[in-house]
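Colleague: this one's structure only:
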């Protein structure tokens, strides 16, 4: 804050500039979804926009958003033995207006 008590830093602008674009896309997609989504669903939705984006990258960013409380894990589907578990995320209640 400045000596006059006004905020001299625009945190919204700084936060957007520092946040990875894939994280922003995940947040926007979860905000618009009517149900929790898995990284594979998020990846499929982004595939046409970013052909070089891997499922592993989407999974990494989804996990990191959950670690800081922006998203939350709501379900983990463990299919058959040998098949990886599928984790479903939603936007955390504290991240919604």
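Modeller: Good, I have the coordinates. Treat the numbers as computed from the prediction; the structure is a model and nothing was measured.
Colleague: going forward, measure contacts and count neighbours with C-alpha atoms only.
Modeller: Will do.
Colleague: Which residue ranges of this protein form helices?
Modeller: Remark: helices of the chain, listed N- to C-terminal, are 11-18, 21-32, 39-46, 55-67; assignment by DSSP state H.
Colleague: pLDDT weak spots in the protein?
Modeller: Low-confidence segments of the chain (pLDDT under 70): 1-7, 46-51.
Colleague: Spatially central residue for it, please.
Modeller: Among the residues of the chain, the one closest to the centroid is residue 26, at 3.8 Å (Cα atoms, centre = their mean).
Colleague: list the contacts for it?
Modeller: By Cα atoms under 8 Å, 6 or more residues apart in numbering, the contact set of residue 26 is 42, 62.
Colleague: nearest residue to residue 94 other than its sequence neighbours?
Modeller: Nearest in space to residue 94, with sequence neighbours left out and distances taken as Cα to Cα, 6 or more residues apart in numbering, is residue 70 at 7.4 Å.
Colleague: my guess is that neighbour contacts residue 92, does it?
Modeller: Yes - distance between residue 70 and residue 92: 5.4 Å, which falls inside the contact criterion (Cα atoms under 8 Å).
Colleague: and residue 20, backbone torsions?
Modeller: Per-residue torsions, residue 20: phi -70, psi 140 (degrees, to the nearest 10).
Colleague: re earlier: and the helices of the chain: which comes nearest residue 85?
Modeller: Distance to residue 85, taken as Cα to Cα, is lowest for helix 39-46 among the helices of the chain, at 11.1 Å.
Colleague: buried sites along the closest one?
Modeller: 39, 40, 42, 43, 46 (16 or more other Cα atoms under 10 Å).
Colleague: quick check, nearest of the residues you listed to residue 30?
Modeller: Distance to residue 30 across the buried residues of helix 39-46 (Cα to Cα) is lowest for residue 42, with 8.7 Å.
Colleague: Just give the closest residue to residue 77, not the sequence neighbours.
Modeller: Residue nearest to residue 77 in three dimensions, not counting chain neighbours: residue 86, with 5.0 Å by Cα to Cα, 6+ apart.
Colleague: OK, contacts around the residue nearest to residue 94?
Modeller: Neighbour list for residue 70: 91, 92, 94, 95 [criterion: Cα under 8 Å, 6+ apart].
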